[in-house]
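**Q** The amino acid sequence is not available; the structure is as follows:
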């Protein structure tokens, strides 16, 4: 049989355990509330992300379908009821009329006869002459010159001295002794800098 002291001790122990359990219970309830709030937030985020995924999938599908259609260049997906015609407008107000003037000097004239019959078989009646001016360079044959450069050495300082011809474009020798002349170089540079036309 328990004594009064033992009973009181047992009661104090149970009371302490009860206090500890109450504290744990309060902590668990608080954790439960926090987890519930987190769960609701995550559900809301899942709904938002799902809606965003559906929106992106719809956009991808529209782009996929649009890529299969034969759209005009630079199309923005809009339709114009009465589109403007492309190209230059006819008439006098389209801008300054630019043309190449006739050359001041003509070296020779070539007469080009008109065919007597048309492609359809009909006889052609002459009614005028159309003139064109063709400016070109006559055929040029390459001229290769061997330049024999005499060389020596200074008796005072020992420096190597070589002769120089006006046709030389470089003083290189040996493997680099073959070179393009000044006239051919100038002609090539003029073609690169311009647009390939003469008399421009």
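**A** Received it, and whenever you're ready, just let me know what you need. Values in this document were obtained by computation on a predicted structure and should not be read as measured data.
**Q** so where's the protein uncertain?
**A** Confidence mapping of the chain against pLDDT under 70 gives the ranges 1-2, 69-82, 87-97, 189-200.
**Q** can you give me the strands in it?
**A** 151-153, 160-162 (DSSP state E).
**Q** For those strands, give me TSV that also has distance to residue 4.
**A** Yep, even glycine has a C-beta here, placed from its N, CA and C like the rest. Listed next are those as TSV, based on distance: least, C-beta to C-beta, whole Å:
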stretch	distance to residue 4
strand 151-153	134
strand 160-162	130
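**Q** Just put those strands in CSV and tack on distance to residue 102 and mean neighbour count.
**A** Output for these, formatted as CSV (distance: least, C-beta to C-beta, whole Å; neighbours: other C-beta atoms under 10 Å):
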stretch, distance to residue 102, mean neighbour count
strand 151-153, 54, 10
strand 160-162, 50, 10
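**Q** Residue 37: which of these is closest?
**A** strand 160-162 (93.7 Å; C-beta to C-beta).
**Q** Mind naming the longest helix for this protein?
**A** Taking DSSP state H as the criterion, the chain has its longest helix at helix 4-68.
**Q** before we move on, back to that, to residue 100, which of the strands of the chain lies closest?
**A** Of the strands of the chain, nearest to residue 100 by C-beta to C-beta is strand 160-162, at 47.9 Å.
**Q** Run me through the strand neighbours of that closest one, direction for each.
**A** In the sheet, strand 160-162 lines up against strand 151-153 (antiparallel) (DSSP bridges).
**Q** Would you pull up how far the partner strand lies from the middle of the chain?
**A** Relative to the centre of its chain, strand 151-153 is centred 56 Å away, using C-alpha atoms, centre = their mean, to the nearest Å.
**Q** Mind listing residues that contact that strand?
**A** When contacts are defined by C-beta atoms under 8 Å, 6 or more residues apart in numbering, strand 151-153 is touched by residues 159, 160, 161, 162, 163.
**Q** before we move on, back to that, can you tell which of the strands of the chain is closest to residue 36?
**A** Per C-beta to C-beta, nearest to residue 36 of the strands of the chain: strand 160-162, 97.3 Å.
**Q** Pull the distance from the closest one to the chain's centre.
**A** Counting by C-alpha atoms, centre = their mean, strand 160-162 comes out at 52 Å from the chain centroid.
**Q** what's the answer for stretch 45-54, then?
**A** Using C-alpha atoms, centre = their mean, the distance between the centre of stretch 45-54 and that of its chain works out at 37 Å.
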